[in-house]
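Enquirer: A predicted structure for the sequence below; I have some questions about it.
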Amino acid sequence: MKKEIPRPKKEKISTPKKLLLALRKKKGEDPGQKKEKDEETNGMPATSDMPVLDCIFFILDRSKSKKISEIMDDSHVRFHFICQGRGTASSEVLDLLGIGSSEKAVVICLEQNLMVPILIKRISKSLALNNPGAGIAFTVPLSGINKPILQVFKDSIHKNISDEEKKESKDGKEMNQKKHDLIVIVTDQGYSDELMACAKEAGASGGTVINARGLIHEGPVKFFGITVQEEKEIILILTNRNKQVPIMQAVSQNFGLATKARSIVFSLPAENITGLDLD
């Protein structure tokens, strides 16, 4: 006598879930397909032909911003933005590096990971970034980006790169195996000089300050009961990873949220360092 195989119990669906499924069917959506699609993409396309993108930072004299924009256009860089900043090195260091002015341009662009060493090499050669004080470049890997922008890179993906350029790209990646970090400090306006003096005592070699403005919803924003003002300064410090923790600790202790400077401090991994010896 054959044993009867028990039928699997049907999953009980709550009333709100039933209403949601019915609404999706009415709109012509297949709930099963939508779930499968979300799992495959997790909000981002997961296909193998999608390019990996990096965010490239160039910090150089403001007088060179026009030249670097021309190089970006010639290299078909799709997105680049220029911010005004100022250096924080002392006058003695500026004289040592041969820099006549601390006014800086911070150029930020997006590029495919494969093209990053090639683009940095082109700009370094044109602007002599390898000379002392000429400027610096580094990259920060992206963990996500909105789909329309990613689609732009997919539609124009660099597939016809020469063997020589591929070798340059590979060599460039192998040369940047050392670990570095970009420390980002958002502080109230007027504290950048004191803050940088503290960071230098903890091991920082210098930084770049960008004026910014905090956006508030309604009235003053408060963190832990502390009012945060609108006018801000963003300080970028590039450093070796072994100096990152002491610098961040020194800044947090002396200029953190509990102080008048009310600073927020965080760090990002930095790669492809050019124009600056952090060893």
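Expert: Cool, the structure landed.
Enquirer: list the contacts of the longest helix belonging to the chain.
Expert: The longest helix of the chain (DSSP state H) is helix 241-255. Outside helix 241-255, the residues within contact range by C-beta atoms under 8 Å, 6 or more residues apart in numbering are 179-181, 183, 185, 187, 191, 194-195, 198-199, 201-204, 237, 239, 261, 263, 265, 267. In this view, the C-beta of every residue, glycine as well, is placed from N, C-alpha and C.
Enquirer: quick check: the gap between Val186 and Arg62.
Expert: Taking C-beta to C-beta, to the nearest Å as the criterion, Val186 is separated from Arg62 by 22 Å.
Enquirer: keep only those of the contacts of helix 241-255 that are in helices.
Expert: 194-195, 198-199, 201.
Enquirer: out of these, who's nearest Lys67?
Expert: Taking C-beta to C-beta as the measure, Lys67 lies nearest Ala199 of the ones in helices among the contacts of helix 241-255, at 30.2 Å.
Enquirer: that closest one: what's it in contact with?
Expert: Ala199 neighbours (C-beta under 8 Å, 6+ apart): 183, 185, 207, 235, 237, 247, 250-251.
Enquirer: select only the buried ones of those residues in PyMOL?
Expert: Isolation of the buried members of these (16 or more other C-beta atoms under 10 Å) is achieved in PyMOL through the command below:
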select buried, resi 183+185+207+235+237+247+250+251
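Enquirer: out of the ones in helices among the contacts of helix 241-255, which are buried?
Expert: In the ones in helices among the contacts of helix 241-255, burial by neighbour count holds for 195, 198-199, counting by 16+ other C-beta under 10 Å.
Enquirer: in TSV, list those residues along with pLDDT and distance to Ser102.
Expert: Listed next are these as TSV, based on pLDDT from 0 to 100; distance: C-beta to C-beta, whole Å:
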residue	pLDDT	distance to Ser102
Leu195	94	16
Cys198	95	19
Ala199	94	16
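Enquirer: excluding chain neighbours, what is closest to Leu60?
Expert: Once its chain neighbours are removed from consideration, Leu60 has its nearest residue in Gly135; the separation is 3.0 Å (C-beta to C-beta, 6 or more residues apart in numbering).
Enquirer: go on, Glu201?
Expert: Here the nearest residue to Glu201 in space, its sequence neighbours aside, is Ala250; by C-beta to C-beta, 6+ apart that works out to 6.9 Å.
Enquirer: one step back: check the ones in helices among the contacts of helix 241-255 against Leu150 and report the nearest one.
Expert: For these, the minimum distance to Leu150 (C-beta to C-beta) is 35.3 Å, reached by Ala199.
Enquirer: what about the helices in this protein?
Expert: 15-26, 31-41, 65-74, 91-97, 116-127, 147-155, 163-174, 192-201, 241-255.
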